[in-house]
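Novice: What would the 3D arrangement of this be:
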Amino acid sequence: MAVLTIYEGSGVAVEAISFGGYKGSKRADRYLEYITHHRTRFKTSTTMGSISPITSRSGMTISQSSIDTFTASIQGEVLVKGQGDKSVYTAAIARFNRATISEAAIIVFVSSEEDVGTALKYAQEWDLEVVISCGRHSYYGASSTSGGLVIDLRKLKKVEIDVEGMSITAGGGCQAVDLETPLQELGLSVVMGAANDTGIGGLTLGGGSGFLTGQYGLVIDNLLSARVVLANGRVLEASEEKNPDLFWGIRGGGSNFGVVTEFKYRVHRQGDVFFGPIVYTPDKTSAIQSLAPRLQQIVDSSSGKLAIFIAFARIAPMPSINPLILVFYDGPESAARSLLSPVYDLGPIADKACMKKYAECTMDSPEILGPETHRFYSTSSVSLPVGWDGELVGGVVEDVGAFLEKWGDVVRPSKVAVEIRSYEVSGRVRPDATALWARDKGSVCMLNVQYDGSVGREVMREEVVRLTEGLRGRISEGGKGGGHSNPNFAVGGEGVEKVFGENLGRLREVKRRYDPEGVFRKWFPIEPALPAA
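Specialist: Numbers count the residues shown, from 1 in each chain. The predicted structure is shown next:
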């Protein structure tokens with residue numbers, strides 16, 4: 001078996017690979033430089049000045065001797081609030097969504113599964129909330145804790161590519177970029193999300209969708225196996241053959257069952273793609289709303305190669321809400337432009353779509369992220385029913401427009417987007433075949449509220465829940481189904497029933513078997529089922 005090991009320990013080892021004229025050893029130095037640049041190293045915490053006591057949820061004060069003993073037992077590194085370099089601690093609790101930043105009591109940068117088990121045991125011994133951190137990209141705030149213990153996986157970065165077996169195995173601390181970059185060199189790809197700085201753990205466990213979903217299904221549909229550390233420290237392999245109920249649960253059930261330290265995915269052949277935004281003037285808003293259902297038909301006829309994202313947002317420096325269409329086509333430009341002729345017939349004011357390497361499509365641009373002052377997010381989503389019409393989208397745009405007018409510059413980069421891609425492949429999988437219930441074959445409407453932090457997180461959470469419930473009401477009136485929430489685009493107020501649907505009962509059974517004490521309960525927490533009478 002030909003395997004390329006991209007990262008192992010503190011260096012890069014290339015074992016044997018030859019594919020498409022590519023020699024892995026020629027790229028080893030590049031990958032070492034790349035990974036070193038993206039990986040943050042932290043020293044074990046040392047005491048500086050007075051020590052602030054760490055108190056558990058039940059009021060116990062954790063002694064310094066206990067912390068020192070625990071730190072010595074960890075192969076990786078440990079940071080403790082109030083100890084060591086404050087700037088290092090601040091960097092460690094930083095999050096993509098600044099609204100979710102919280103001051104953890106202890107942060108453990110694990111370097112092995114043994115470290116994970118040790119950290120879990122310590123957290124339970126001292127009654128500390130446990131959260132798991134990888135890419136720190138959660139809108140929900142699943143990787144943050146106030147006063148608890150963070151198991152940070154970013155040191156688990158080993159990546160192995162099996163070209164003959166068409167698979168990639170990646171450590172639980174990887175971000176999508178750590179997989180996409182080396183695969184690109186081999187003419188391969190893996191189904192990941194739309195942003196390459198997303199951690200593969202949260203993305204996968206929440207279901208995961210991306211530009212390649214139309215052709216190959218969701219991220220979880222391409223997951224072959226995983227290694228999971230349970231609350232008691234036991235390490236299990238989860239796959240269709242081994243612990244299949246756990247494998248079922250982690251495919252959409254999030255971090256409710258354990259810490260996933262390794263993922264193995266199916267990979268696919270990949271060429272260049274047609275990708276980029278097409279921007280319109282505000283007067284084209286109504287025409288684009290009316291065109292949306294037609295675009296769904298075009299996407300459905302493309303064999304999954306085409307994906308379209310219609311967004312309505314204020315694009316600096318324009319004062320009004322502008323519509324834009326982001327297009328992705330896995331094929332030549334001529335075929336893409338032919339399919340997209342209705343889009344171009346509307347007369348855009350800017351067209352930046354062009355041929356690119358696939359891995360370039362998932363790089364977040366400053367235009368998408370918005371200004372540094374507006375990196376606070378409150379996001380939710382609703383699946384649109386099959387057969388939805390432009391009037392439904394128009395109602396959503398009207399509601400969001402009123403919201404933007406109400407809050408003004410506070411929420412200037414906010415947007416509403418209709419994600420139009422083919423869910424035919426993922427829709428062939430029954431909703432109860434994995435834990436992910438939201439497998440509608442229609443589209444997804446995402447509300448992305450981005451604000452400047454001058455208002456509280458709960459205020460914006462309530463606004464997003466209100467807007468989302470309004471959209472659900474419009475869908476219910478149509479009586480065509482839909483209305484589920486995608487857990488990866490959720491603010492936390494949706495409730496487990498709307499996220500897990502009819503799978504919730506079985507998820508509670510799986511929870512009882514693998515985490516009966518409810519140690520993992522940060523991300524849409526599932527209550528264990530009661531024992532049978």
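Novice: Roughly how far does the residue nearest the centre of the chain sit from Gly394?
Specialist: When the chain is reduced to its mean C-alpha position, the closest residue under CA atoms, centre = their mean turns out to be Leu203, at 3.4 Å. Distance check for Leu203 against Gly394: by CB to CB, to the nearest Å, it reads 31 Å. Where you see a C-beta, it was placed from the backbone N, CA and C, and this is true even at glycine.
Novice: what does Asn196 give?
Specialist: Distance of Asn196 to Gly394, computed by CB to CB: 33 Å.
Novice: what's the answer for Arg337, then?
Specialist: Distance, Arg337 to Gly394, using CB to CB: 27 Å.
Novice: buried stuff in stretch 232-242?
Specialist: Of the residues in stretch 232-242, those with enough neighbours to count as buried (16 or more other CB atoms under 10 Å) are Val235, Leu236, Ala238.
Novice: host element of the second one?
Specialist: When elements are defined using DSSP states H and E, Leu236 is found to belong to strand 235-239.
Novice: can you dump the C-alpha coordinates of that strand into PDB?
Specialist: These are the backbone C-alpha positions of strand 235-239, laid out as PDB (Å, rounded to 0.1, in the frame of the first residue of the first chain):
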ATOM      1  CA  VAL A 235     -10.600   4.000  23.100                       C
ATOM      2  CA  LEU A 236     -12.900   2.500  20.500                       C
ATOM      3  CA  GLU A 237     -12.800   2.300  16.700                       C
ATOM      4  CA  ALA A 238     -16.100   3.200  15.200                       C
ATOM      5  CA  SER A 239     -17.100   2.000  11.700                       C
END
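Novice: just checking, what packs against it?
Specialist: Other elements packing on strand 235-239 under the criterion 3 or more CB pairs under 8 Å, 6 or more residues apart in numbering; DSSP states H and E are strand 223-229, helix 244-250.
Novice: who's in contact with that strand?
Specialist: Applying CB atoms under 8 Å, 6 or more residues apart in numbering, the external contacts of strand 235-239 come out as 113, 117, 224-230, 242-244, 246-247, 250, 258, 261.
Novice: what secondary structure does the residue nearest to the centre of the chain sit in?
Specialist: Using DSSP: H, G, I helix; E, B strand; the rest coil, the secondary structure recorded for Leu203 is helix.
Novice: which ones are touching it?
Specialist: Counting by CB under 8 Å, 6+ apart, Leu203 has contacts Gly135, His137, Ala176, Met192, Gly193, Val219, Asn488.
Novice: Could you chop the chain up by domain?
Specialist: The chain breaks down into these domains under automatic domain parsing: 55-152, 157-269, 273-356+365-497.
Novice: so which of these gets nearest Arg512?
Specialist: When these are compared by CB to CB, domain 157-269 sits nearest Arg512, at 10.6 Å.
Novice: Check the model's average confidence along that closest one for me.
Specialist: The average pLDDT for domain 157-269 rounds to 97.
Novice: Surely Leu212 touches Ala194?
Specialist: No. Contact criterion CB atoms under 8 Å: Leu212 and Ala194 do not qualify, at 10.3 Å.
Novice: burial measure for the closest residue to Val519 other than its chain neighbours, as a count.
Specialist: In this structure, Val519 finds its nearest non-sequential neighbour in Ala231, 3.9 Å apart by CB to CB, 6 or more residues apart in numbering. The burial metric for Ala231, expressed as a neighbour count using other CB atoms under 10 Å, is 21.
Novice: Contacts only, for Ala231.
Specialist: In this structure, Ala231 makes contact with Leu120, Gln124, Gly258, Tyr514, Asp515, Glu517, Val519, Phe520, judged by CB under 8 Å, 6+ apart.
Novice: next one: Cys354
Specialist: Taking CB under 8 Å, 6+ apart, we find Cys354 in contact with Phe274, Phe275, Gly276, Glu333.
Novice: Out of those, which sit inside strands?
Specialist: Among these, DSSP state E puts Phe274, Phe275, Gly276 in strands.
Novice: and of those, the nearest to Ala359?
Specialist: Each of these was scored against Ala359 by CB to CB, and Phe275 proved nearest at 10.9 Å.
Novice: How far does stretch 416-430 stretch from one end to the other?
Specialist: With CA to CA, to the nearest Å as the measure, the ends of stretch 416-430 fall 29 Å from one another.
Novice: List the contacts of the closest residue to Lys305 other than its chain neighbours.
Specialist: Setting aside the residues directly before and after it, Lys305 is nearest to Asp330 in space (CB to CB, 6+ apart), at 4.3 Å. When the contact criterion is CB under 8 Å, 6+ apart, the partners of Asp330 are Phe211, Leu212, Gln215, Gln270, Gly271, Val273, Lys305, Leu306, Tyr358.
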